[in-house]
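Chemist: how would this look folded up:
(one chain, ligands or ions: 1)
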Amino acid sequence: MRIDIVTIFPEFFSALDVSLLGKARESGLIELAVHDLRDFTHDRHRSVDDTPYGGGAGMVMKPEPWGYALDSILDPLPEEREARLEGCPTIIFPSPAGELFTQAMAQELSAEPHLIFGCGRYEGIDERVFEYAASRARVRLVSMGDYVLNGGEVATMAMIEAIGRLIPGVVGNPQSLVEESHSDGLLEYPSYTKPAEWRGLEVPPVLLNGNHGAIAAWRHEQQLERTRRIRPDLLS
Ligand code: 6GU
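Modeler: Below is the predicted model of the structure:
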């Protein structure tokens, strides 16, 4: 998978050099490029924002640098409209006003050949950038939840980690993807390792007796109990 990130804080993404995602990049499973939006400005101050038309608080990101940045990442426009829909990249703009990011969306996006993340800052990006982007690629506004971040960078990091680990070969043991929270719509069951007793706390005895049927039943009951208690919304 190819991933491009457009941001005014490229140094934010140095964390993607390490861990599982870093290895996936070394092995070529993920090809990632970070682009500094300010490199696509043409004024002395490299300005990326301006005051909003109509007034109001804060600044809005200017469309021109975004246009040049996206043009530099996207292939030249293919002639045929059909060809544009087939296999064209998906541009994700992290936004608290977007659709909610879920495991299902991570799964869907992990099959894409090319993702572009456009990290906005300040009070947002000039709306015409989304319109222009939609003429060149599939566009999605995506939110991490009902709270506000200062910009799209942290959201992008979270999405790349969630998506990247679902790409075949990135996670060493694919079975660990099958059993984790949200993969079956339920929260994960509790896990234990040795010692069987620690500071007076014991591992549930059912896990020690080697009865695999009983263990599977216990784990499923734990998943249901936790989900009912902590995330009843997932059950409906
Ligand atoms: Cl994707 N961006 C920002 N700025 N805030 C958020 C968010 C995204 N998701 C939740 N809050």
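Chemist: Show the backbone phi and psi for the nearest residue to A155 once chain neighbours are set aside.
Modeler: Nearest residue to A155 in three dimensions, chain neighbours excluded: P94, at 3.8 Å (Cβ to Cβ, 6 or more residues apart in numbering). The way it works is simple: take the backbone N, C-alpha and C, and place the C-beta from them, glycine included. Backbone dihedrals for P94, given as degrees, to the nearest 10, come out at phi -60, psi 130.
Chemist: Let me see the contact set for P94.
Modeler: For P94, the contact set (Cβ atoms under 8 Å, 6 or more residues apart in numbering) comprises 117-120, 141-144, 149, 151-152, 155-156, 159.
Chemist: Quick check: the gap between the residue most central in space within the chain and the ligand.
Modeler: By Cα atoms, centre = their mean, the chain has its centre lying nearest to M159, at 1.1 Å. For M159, the distance to the ligand (Cβ to the nearest ligand atom, to the nearest Å) stands at 8 Å.
Chemist: Who's the closest spatial neighbour of that residue, skipping the chain neighbours?
Modeler: If you skip the residues right next to it in sequence, M159 has F101 as its closest partner in space, 6.1 Å away by Cβ to Cβ, 6+ apart.
Chemist: Would you mind measuring from that neighbour to the ligand?
Modeler: With Cβ to the nearest ligand atom as the criterion, F101 and the ligand are 7 Å apart.
Chemist: what number of residues lie near that residue?
Modeler: Residues contacting F101 under the criterion other Cβ atoms under 10 Å number 21.
Chemist: In this structure it contacts A162, no?
Modeler: Yes: between F101 and A162 a contact is recorded at 7.5 Å, counting by Cβ atoms under 8 Å.
Chemist: can you pull out the helices in this protein?
Modeler: In order along the chain, the chain carries the following helices (DSSP state H): 19-26, 63-73, 81-85, 103-109, 128-136, 153-164, 175-178, 212-230.
Chemist: give the contact list for the residue nearest to M159.
Modeler: Here F101 is in contact with 142-145, 155, 158-159, 162 (criterion: Cβ under 8 Å, 6+ apart).
Chemist: Got the phi and psi for it?
Modeler: phi -70, psi 130.
Chemist: From here on, call the first residue 49.
Modeler: In the new count, where the first residue is 49, that last one comes out as F149.
Chemist: Local confidence estimate at it?
Modeler: In the prediction, the pLDDT value recorded for F149 is 98.
Chemist: quick one: low-confidence parts of this structure?
Modeler: Scanning the chain for pLDDT under 70 picks out 125-134, 170.
Chemist: Please convert the buried members of the contacts of P142 into PyMOL selection syntax.
Modeler: The following PyMOL line selects those of the contacts of P142 that are buried, judged by 16 or more other Cβ atoms under 10 Å:
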select buried, resi 165+166+167+168+189+190+191+192+199+200+203+204+207
